[in-house]
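Trainee: here is the input, now give the coordinates:
(one chain, ligands or ions: 1)
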Amino acid sequence: MSHTEKQRRHVHVACAIVERDGLVLSALRSASMNLPLKWEFPGGKIEPGEGREECLKREMVEEMGVEVEVGQALTPATHSYPTFDVTLYPYLCRIASGEITLYEHSEVRWLPPAKMLELEWADADLPVILEYQQLSNRG
Ligand SMILES: Nc1nc2c([nH]c(=O)n2[C@@H]2O[C@H](COP(=O)(O)OP(=O)(O)OP(=O)(O)O)[C@@H](O)[C@H]2O)c(=O)[nH]1
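Mentor: Next up, the predicted model:
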């Protein structure tokens, strides 16, 4: 296969907008991850045969050691990075049990929705944040 015919990678990622007392969980990718030092919603790639909500529950246990209840889905968002494409499937979530322990991220912050854009987010997340801010404004 020539360089121009090479297939671009398209990853499908379930991500969690975890809410608590009007604040939302923002996670900083560690220096060793792909897209290092960008803020994101916790979550990860959907495995073959796996449902989106199932993926989210698995990733929240693996990345942060918490069980989540998965709620409303927001609009999926597709973005092209220089080397791959991603589609994010965002869901509102609540922590059902466990204390957050960071197994992959370097930091988390609980932020009011209106302050989220003060951080530097992964580019694919911007439409998700804007939709979430509108939703949280409506109360
Ligand atoms: N979890 C998560 N991933 C996101 C978000 N925004 C975004 O662009 N991504 C991208 O979606 C992909 C998620 O993959 P991942 O976290 O399972 O795995 P990774 O690429 O860090 O590592 P890996 O390929 O070694 O498993 C990453 O390339 C990440 O940069 C987001 O808000 N949450």
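Trainee: phi, psi for the residue most central in space within the chain please.
Mentor: By C-alpha atoms, centre = their mean, the chain has its centre lying nearest to Phe41, at 2.8 Å. Main-chain torsions, Phe41, degrees, to the nearest 10: phi -90, psi 140.
Trainee: look up the closest residue to it, ignoring the ones flanking it.
Mentor: Among residues not flanking Phe41 along the chain, Cys15 sits closest, at 3.9 Å (C-beta to C-beta, 6 or more residues apart in numbering). Quick note: C-beta positions are derived from backbone N, CA and C, even for glycine.
Trainee: list the contacts for the one you found?
Mentor: Counting by C-beta atoms under 8 Å, 6 or more residues apart in numbering, Cys15 touches Glu40, Phe41, Pro42, Gly43, Leu56, Leu88, Tyr89, Pro90, Tyr91, Asp125, Val128.
Trainee: which pLDDT value goes with the fourth one?
Mentor: The reference is to Gly43. On the pLDDT scale, Gly43 is placed at 98.
Trainee: beta partners of the closest residue to it other than its chain neighbours?
Mentor: Nearest residue to Gly43 in three dimensions, chain neighbours excluded: Cys15, at 3.4 Å (C-beta to C-beta, 6+ apart). Applying DSSP bridges to Cys15 gives these bridge partners: Gly43, Pro90.
Trainee: against Lys6, how distant is Cys15?
Mentor: Counting by C-beta to C-beta, to the nearest Å, the gap from Cys15 to Lys6 is 27 Å.
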